[in-house]
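*Asks:* following is a predicted model, sequence given first.
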Amino acid sequence: MARRRSFLPDPTTDRLPPRQRWDARYAHFEDSGLPSQPRDFLTSWLPSLPKDGLALDIAAGAGRHSLALAQHGLRVHAVDISLEGLRRLKKSTRPPEQIVPIVLDLERGWLPHAEYDVIVNFLFLERAVFPAIKQRLKTGGWLLIETFTVEQLTLPHKAHLRRHFLLETHELADIFSDMEIVFYNEGLAYGNYTAQLVAKKK
């Protein structure tokens with residue numbers, strides 16, 4: 001049986017620059033250990049999303065959410081800092097032109113110069129990209145975000161997390177208050193505290 005590995009802090013990689021760190025983690029992560037199913041939050045909202053057009057998957061990693069969006073009918077730009085993660089995604093994409101992998105350092109606050117019908121961002125927080133998200137989303141376009149909140153720090157096995165990488169209470173709703181918020185929730189789901197946002201650009 002393939003050995004599963006985790007994305008918990010690893011002293012052998014945590015001091016590396018971000019791209020090298022994530023490439024190293026994906027390189028040592030057995031295929032059978034990578035999450036393959038999209039988050040339930042995306043699955044529950046897929047029927048509401050357009051079935052054609054262009055989507056952006058922020059911090060796509062090995063692409064479980066990109067694949068779900070492509071299977072729904074969308075063309076997808078899958079953005080991540082890790083070339084190794086995107087290589088794994090590319091091997092899974094059929095037809096290959098359905099998903100375009102793009103290596104990009106999201107800490108710079110950049111996103112591809114395109115207009116998107118759908119943008120998704122799961123389990124990743126980089127506040128620098130929020131202005132670009134608003135710019136790149138088409139009027140009437142859909143935004144789905146689910147990521148961790150500061151309440152994670154109350155869980156004994158999450159004490160290692162850095163607060164900077166967690167959303168403050170109601171922060172996500174405040175940041176996107178200029179959009180039409182279709183759904184918003186903060187709370188405990190599947191053992192983690194997350195904020196979930198569905199919004200449309202006015």
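*Replies:* Cool, got the structure. Predicted, not measured: the structure shown is a model, and the values here were computed from it.

*Asks:* now residue 101: how far from residue 51?
*Replies:* As for residue 101, its distance to residue 51 is 22 Å (criterion: Cβ to Cβ, to the nearest Å). In short, each C-beta sits where N, CA and C put it, glycine included.

*Asks:* which parts of the protein are helices?
*Replies:* With DSSP state H, the ranges of helices along the chain come out as 18-27, 40-45, 64-72, 83-92, 130-136, 171-175.

*Asks:* out of those helices, which is the most enclosed?
*Replies:* Mean neighbour count (mean count of other Cβ atoms under 10 Å) peaks for helix 64-72 among the helices of the chain, with a mean of 22.

*Asks:* out of the helices of the chain, which is closest to residue 191?
*Replies:* Ranking the helices of the chain by proximity to residue 191 (Cβ to Cβ) places helix 40-45 first, at 12.7 Å.

*Asks:* what's that closest one in contact with?
*Replies:* With Cβ atoms under 8 Å, 6 or more residues apart in numbering as the test, helix 40-45 has contacts from 65, 68, 120, 122, 144, 146, 183, 190, 196, 198.

*Asks:* now residue 161. Nearest residue, chain neighbours left out?
*Replies:* residue 152 (5.6 Å; Cβ to Cβ, 6 or more residues apart in numbering).

*Asks:* that neighbour touches residue 191, doesn't it?
*Replies:* No - shown here, residue 152 and residue 191 do not form a contact pair, counting by Cβ atoms under 8 Å, at 10.1 Å.

*Asks:* of those two, who's got more company?
*Replies:* Looking at residue 152 and residue 191 with other Cβ atoms under 10 Å, you find the greater number of neighbours at residue 152, namely 19 against 8.

*Asks:* give the contact list for that one.
*Replies:* By Cβ under 8 Å, 6+ apart, the contact set of residue 152 is 158, 161, 166, 192, 193.

*Asks:* report the buried members of these.
*Replies:* 158, 166, 192, 193 (16 or more other Cβ atoms under 10 Å).

*Asks:* what residues are bridge-paired with the last one?
*Replies:* Okay, so that is residue 193. residue 188 (DSSP bridges).
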